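> Give me the fold of what follows.
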Amino acid sequence: MPRTKKPQSVSSGSSQLCGSDRAEPQQHAEPREQGSSGDSERGREKDLGDPQIIKSPSDPKLYRYIELENGLRALLISDMSLRSGDSDSSGEEEEEEEEEEEEVEVEEESGEEEEEEDEEGERDSGSEPDEDSDGKSKKGCSEKQSAAALCVGVGSFSDPEDLPGLAHFLEHMVFMGSEKYPAENGFDVFLKKHGGSDNASTDSERTIFQFDIQRKHFREALDRWAQFFICPLMIRDAMDREVEAVDSEYQLARPSDSHRKEMLFGSLAKASHPMGKFCWGNAQTLKHEPREKNIDTYTRLREFWKRHYSSHYMSLTVQSKETLDTLEEWVREIFSKVPNNSQLKPDFSHLQDPFDTPAFNKLYRIVPVRKVHALNITWALPPQGKHYRVKPLHYISWLIGHEGTGSILSVLRKRCWALSLFGGNSETGFDQNTTYSIFSISVTLTDEGFQNFYQVVHLVFQYLRMLQTVGPQQRIYEEIQKIDANEFRYQEQTDPIDYVENVCENMQLFSKEDFLTGNQLMFEYEPEVISAALTLLTPEKANLQLLSPGHEGHCELREKWFGTQYSVEDIEQEWRDRWAADFELNPELHLPAENKFIATDFTLKTSDCPNTEYPVRIISNERGCLWFKKDNKFKTPKAYVCFHLLSPVIQKSPENLVLFDVFINILAHNLAEPAYEADVAQLEYKLVAGEHGVMIKIKGFNHKLPLLLNLIVDHLADFTATPDVFSMFTEQLKKTYFNILIKPHRLGKDVRLLVLEHSRWSTVQKYQAVMKGLSVTDLMGFVSGLKAEMYAEGLVQGNFTSSESVEFLHYVIDKLQFRSLPEEVPVLFRVVELPAKHHLCKVKSLNKGDANSEVTVYYQSGLKNLREHTMMELLVMHMEEPCFDFLRTKETLGYQVYPAYRNTSGVLGFSVTVETQATKFSTDLVEVKIEEFLASFGEKMAALTEEAFETQVTALIKLKECEDTHLGEEVDRNWFEVVTQQYVFDRLSKEIAALRLISMSELVSWFLEHRGAGSRKLSVHVVGFGEEENDPPGEEQCGGAPEHAGKSSTYGEVSKLTFLPASPALADATAITDIRAFTSSLSLYPYHKILSFTTRS
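A predicted model of the protein is given here:
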C-alpha cells in the first residue's frame, strides 16, 4: 500500500512521545565489538561481524555488509542469541515464529487507519484487551523468526504521467507468481504453511517488501521471494483482478482525513513536480482510462519493472539464526540473479522548491470526514536528509511538541483552545524526499479554539519567534542526547520483520556506519544548521489548513481524487501585517526547564525472592492484590507497572460510561503538564477507560518510575474539573463517538457485540447520552462513587524487587482510601445463546458519504475449553490463505478479507469478514460469496491430508513457541491474564500440549458440525452508499457533492441505527430490526473463562 506515515523526528502533545528518533552523541554510541579491528572484508573464515557498523552495546547480533556483483547491497544480520534462561527446546535447527497478533480482527483494525486514530485520540475508550483477543503473544523460549526486507530505490515519483499509481500497482503484481514458482498466491501459501507473514509499501522514492518465516524454511522462502525481482509473471488475467484490489485499497483510504489532506497538499506543488501525482492508483487510472486511450497497461507495467526494479537500486537486509557466512552464501547465490539494467536511478533532486508558488501561503478551509476541528501549519523546506547527523528538525519538533510549562500546548490548554499538538516531520516520502522536507504543526482544536484559530496561529508564530531570538541551545540539545543515549544503550530488541524493514530503508539513506543509527541518534551539535532551519519557519512561508465540519456548505472546490471539499482564501491582511512587523513575544512562552526525570541509576537489582517462570501473587487483601515477576531474562534497567482499579459503577448506565470517559480524559489533561518531563525521559504512561475499571500502565527506566506512578495516583486521588474543562471534553466526546460510528468496521463490531453481549452499552447509546447533556456536578458525583468502592489489582515486572513492588500497591490503597467491594465485579459480560438458525442484522452506514461496506458472518460455538479454543485457532489458520485466494484474489470482493476465531467473554465462535464497496457489490452478494467460500473450504477440509494437517499444526506450535523480543511482549501476555482474572500465565504451553493431541478427523468434524443445519449463525452487514445498494447516483462520494453544499448535511445521523430488511438473496435469514427485542427472549450463557482442558463455568 502507499506509505504515508513513519513516526520519525516527530514530537507530539499527547501522553506519549511520538517518534523513534532516539538521539545520542557519537561518543556514547561506540560500536560493540563484532570482530577484530581492521578491514571488514578480512576474517570471514571466523564468521566475524563488521566493526564499522555502529550498534547498541546491548545488541547481541552480528552484522556484515556486502555488495554483490550486480550492484545489490546487502546487510547480513546473524542473531545467534538465546536470552539467558532460555533453552532451545527443539534440539533441532527448527525455528519458532514470532506470533502474529492473535486475533485477526485486531490486526486488521490496527492497519492503515491506526495513525489517524492515534493522532486524534479517537480509539475506543475501552481499549483494554479486545473481546476477541486472548492476549497471547509468544512463549519466552526457542527462536525468533527469520526475516528479510528489500528496498527498491524507486517509488511513485517515477509513475508515468498517463498511468498514475503504476508503481503501487507493480508492488501488488510481483506477488502474483513467477517463472520459477508460477502459482499465483504461491508465496503467501508457503508463508502461511510455515507460520510466516509478509507486506509491502510504496513510497515517493522507495518501495519496500518484507517477510518473516520459521528459520527452517528461510532459505527456500528467500528463493521464492527473490523471484519478485528476478522473473515475476505478471500475467494479464492476474492484472485485471489485482487492479480491483488496488482500487479497493484506494476506496478504503478515501474516508481518511489524513490521506485526504496529503492529496490536497500535494496538489499545491508546481505542475512539473511529482508531488502532484495520484500515487494510489485505482480502476479509473489503471484500467478504464488506459483502455479508452489505447494504452497497453500490461506492456507498460513490464517495462516499468524492467526499468526500475534493477539490482543496483536495491538494498537488502536479512536476519536469521545462521552464521554470517551462511547468510552471505545464500544471498550471493540467490540475489546475484536479480538483473541490473545499468541505467542511472531516477533522480528528482533538481526539482527544488516545489511549493514556491502563489497558492501555498494561503488559508485552506477543509470539510473533514470526521467531526474534528484541526489546524495544520506547514512549511516546505529544502531537503534536510543530508543533516541527519545533526537532525535540526528533530531538535525543533522536540521543543514545539513539548507540553511542560512555557510550551505552546500548555498555554493553549489553559485557554481551553486545544486538546493536542503534533509537530515535526514523519520522514515518510511525503514529508521528506530529495526535493523538499516538510515541517508541520497540527493542533486539534476545541470549539472555542476553532473560533480563535488566528490567535492559535499567532501563538505558534510567537513561539517560533522566541526560538529564533534565543537561538539553538546546547543545553537542550545535550539533554535530548542524554535521554536518547539512555534509550539507545539499553534499547529493546524489536520484531525481526519490523527491524529489517527499517534497516533496509536506512541503507538507502545513510552511510554504512550509520545503517542502524542514522534515524535514531543525534551525533553533532551544529547550531548554524539548526538556525538555518529555524530561520525558514516564518509566517510568510507557511501554509494554513483549517479543518472543521462548520465549513460545510461554504467550500465550492473539490480535490480530484479523494473528493475533499475545500476553499482557498488569502490570510487576513490584519494578521499578515502584524506578522510582517516585529511582533511582540509572549511572556508565557519560554524554553523548558532542566528535566528532573532523566534516569541516572541503571543498576540491575538483586532479586529478594525466588525466581519464577511466571508472575506470582505476593500480596492479597480485601482491597487489592499484586502479581510480581522479577526480570532475569532481558536484564535491562526497565520495568512495567500496571494497575486495574475495578468499580461496579461504570457499567450501570450509558451516562456513567460517558462520565467515565470524561473523567479519564480530564485526568490525562490534568497530568499532561506535570508528567510530560517523565514522558520525554522514556517513562511512558497510559490511562485507559476500561470496560470495568481504570487502567494505568507505566513503563520505562525503573529509576524514576515510582515518581511517575505516585504523580498519577495523586492526581487521581485529588481529581478536580472546572466547568470550562468539562465542557471542552464533553464536546470533544461528541465528536469522538461520532467519528467512531462513521467507520464501517467500528460500527459493525459495535452492532455485533450489542447482539451478543448482554447488558453491553453501545457507542450509539453513549452518543445519545452525551448529546442529552451532562454537568460537571454529574461528573464529580460519578467520580466520588467510583473512588468510594474499588478493587486494585496490579502487575509489576522488570527491574524491581518484590518489596518495592508491594509498596506500589500500598501507595495506591492508602492514597485513594477506597472501601472494599461488597461483591465481586465481573470482568466479563454474559453472552446471548444464539438460536440454531441464521439471523441477519443489517444496518445502513452512518456516514452517508462513504461507499465502504462491511460483512461479517459469525458462527457461534458456545462454552468451550482450552482444547477446543486451540482447535478453532488451528481451523482459522487453515482457513486464512484459501479465504484470501477465494474472496479477494478470485472474486475481487475487497481489499480487506479475513477469517477470525472469536473469544467473546468466554464464548467461542469463528467468522469471515469482507470489507467491500457499495459501488461494486451489495452486501447480500458478498454474504452469498462468503458462504460459497465456506462450502468450498469444507470440501478442502474433507480432502485434507495428514501431511498438510501436521504441517499446519507444527506451524502453529512454532508460532506459540517463538521467543519474545522484549520484556513488553511478556508483560502484555501476563497483563491480559490479570485483567481478565484468568491467571493462566502458562496458557501458551497448555495450548501447545492441546495441539499435539488434536487429530485431523476431529478438526474436520468440528468445522462441518458448526456449519451444519443446526448452526448458530449471525450475519452483520454495514451497508455503504452506492448504486449496488440502490442509492441515488452521487451519494457514494465522500463528503457529498459540492453542488448540494448548503442544502443538506453530508454528516449522517448517528444517534440511531437504520435497520434494513433481509433480501430475497438471503431468504433463509431472519432479520433483526430491534436488537433488544431480539435478545430479550434468548437464554444467556453463564459467566465463563477458558482455563483448562475441561469446560466449567
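> Mind giving me the packing neighbours of the host helix or strand of Q545?
Per DSSP states H and E: Q545 is located in strand 543-547. If contacts are counted by 3 or more C-beta pairs under 8 Å, 6 or more residues apart in numbering; DSSP states H and E, strand 543-547 sits against helix 257-266, strand 363-366, strand 373-381. C-beta here means a position set from N, CA and C on the backbone, and glycine is covered the same way.
> Toward the C-terminus, what is the element adjacent to the last one?
The element immediately downstream of strand 373-381 (helix or strand, assigned by DSSP H and E) is helix 392-400.
> which helices and strands does that next one pack with?
strand 10-13, strand 418-424, strand 437-445, helix 453-470, helix 474-489, helix 527-535.
> Tell me which residues of the next helix or strand after the first one come out buried.
If I follow you right, that is strand 10-13. Per DSSP H and E, the first helix or strand lying C-terminal to strand 10-13 is strand 62-67. Neighbour counts over strand 62-67 (16 or more other C-beta atoms under 10 Å) mark 62-66 as buried.
> avg pLDDT for strand 62-67?
If you average the pLDDT over strand 62-67, you get 98.
> Show me how far that strand is from its chain's centre.
31 Å (C-alpha atoms, centre = their mean, to the nearest Å).
> strand partners of that strand, parallel vs antiparallel please.
As defined by DSSP bridges, the strand partners of strand 62-67 come to strand 73-78 (antiparallel).
> Quick one: mean pLDDT for the partner strand?
pLDDT averaged over strand 73-78 gives 98.
> Touching that strand from outside, list them.
Strand 73-78 has contacts (C-beta atoms under 8 Å, 6 or more residues apart in numbering) with 47, 49, 53, 61-68, 314-324, 327-328, 331, 335, 499-500, 503-504, 507, 515.
> Check the contact between A167 and T202; I expect there is one.
Yes. Contact status for A167 versus T202: in contact at 5.3 Å, counting by C-beta atoms under 8 Å.
> Can you pull the residues that touch both of the two?
Common contacts of A167 and T202 (C-beta under 8 Å, 6+ apart): 155-156, 279.
> Switch those residues over to CSV; also include pLDDT.
Putting these into CSV (pLDDT from 0 to 100) gives the following:
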residue, pLDDT
G155, 98
S156, 98
C279, 96
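> Looking at those residues, which is nearest L683?
Of all the shared contacts of A167 and T202, G155 has the smallest distance to L683: 37.1 Å, by C-beta to C-beta.
> Number of residues surrounding that closest one?
27 (other C-beta atoms under 10 Å).
> ok, now T378?
T378: 20 neighbours (other C-beta under 10 Å).
> From here on, call the first residue 58.
From this message on, residue numbering opens at 58, which makes the last subject T435.
> Next, the contact list for it, please.
Contacts of T435 (C-beta under 8 Å, 6+ apart): 322, 495-498, 599-600, 602.
> Tell me which stretches of the stretch 558-707 of the chain form strands.
600-604, 614-615, 622-626, 673-678, 681-687, 695-703 (DSSP state E, counting those that start in this stretch).
> quick check: angle from the third one to strand 600-604?
Our comparison of strand 622-626 with strand 600-604, counting by axes from the mean of the first three to the mean of the last three C-alpha atoms, to 10 degrees, yields an angle of 140 degrees.
> now do the fifth one
On the basis of the same axes, to 10 degrees, strand 681-687 is oriented at 140 degrees to strand 600-604.
> So what are the sheet partners of strand 681-687 and their directions?
Sheet partners by DSSP bridges: for strand 681-687, these are strand 673-678 (antiparallel), strand 848-855 (parallel).
> So what are the sheet partners of the strand holding Q602 and their directions?
With DSSP bridges as the test, strand 600-604 pairs up with strand 420-423 (parallel), strand 430-438 (antiparallel).
> could I get the ones you listed as CSV with distance to W474 and mean pLDDT?
Formatted as CSV, these follow (distance: least, C-beta to C-beta, whole Å; pLDDT from 0 to 100):
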stretch, distance to W474, mean pLDDT
strand 420-423, 18, 98
strand 430-438, 10, 98
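> Let's have these in a markdown table, adding distance to K1074.
Below are these laid out as a markdown table (distance: least, C-beta to C-beta, whole Å):
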| stretch | distance to K1074 |
| --- | --- |
| strand 420-423 | 43 |
| strand 430-438 | 42 |
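> R945 is nearest to which of those strands?
Of these, the one closest to R945 (C-beta to C-beta) turns out to be strand 420-423, at 32.6 Å.
> Now the closest one: buried residues?
420-423.
> Nearest to P289 among those residues?
For those, the nearest to P289 is I423 (39.8 Å; C-beta to C-beta).
> who touches the closest one in this structure?
With contact set as C-beta under 8 Å, 6+ apart, I423 has these partners: 317-318, 321, 602-605, 608, 612, 621-623.
> Generate a PyMOL selection restricted to the buried entries among those residues.
Buried subset of those, written as a PyMOL selection, criterion 16+ other C-beta under 10 Å:
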select buried, resi 317+318+321+602+603+604+605+608+612+621+622+623
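> Restrict stretch 945-959 to CA atoms and write it as PDB.
The C-alpha coordinates for stretch 945-959 follow below in PDB (Å, rounded to 0.1, in the frame of the first residue of the first chain):
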ATOM      1  CA  ARG A 945     -10.000 -11.300  -2.700                       C
ATOM      2  CA  THR A 946      -7.900 -12.800  -5.400                       C
ATOM      3  CA  LYS A 947     -10.500 -14.600  -7.500                       C
ATOM      4  CA  GLU A 948     -13.800 -12.800  -6.600                       C
ATOM      5  CA  THR A 949     -12.100  -9.400  -6.000                       C
ATOM      6  CA  LEU A 950     -14.700  -8.500  -3.400                       C
ATOM      7  CA  GLY A 951     -12.400  -6.200  -1.400                       C
ATOM      8  CA  TYR A 952      -9.000  -5.300  -0.100                       C
ATOM      9  CA  GLN A 953      -9.600  -6.500   3.500                       C
ATOM     10  CA  VAL A 954     -10.700 -10.100   3.700                       C
ATOM     11  CA  TYR A 955     -10.000 -12.300   6.700                       C
ATOM     12  CA  PRO A 956     -11.300 -15.100   8.900                       C
ATOM     13  CA  ALA A 957     -11.100 -14.800  12.700                       C
ATOM     14  CA  TYR A 958     -11.600 -17.000  15.700                       C
ATOM     15  CA  ARG A 959     -13.500 -15.100  18.400                       C
END
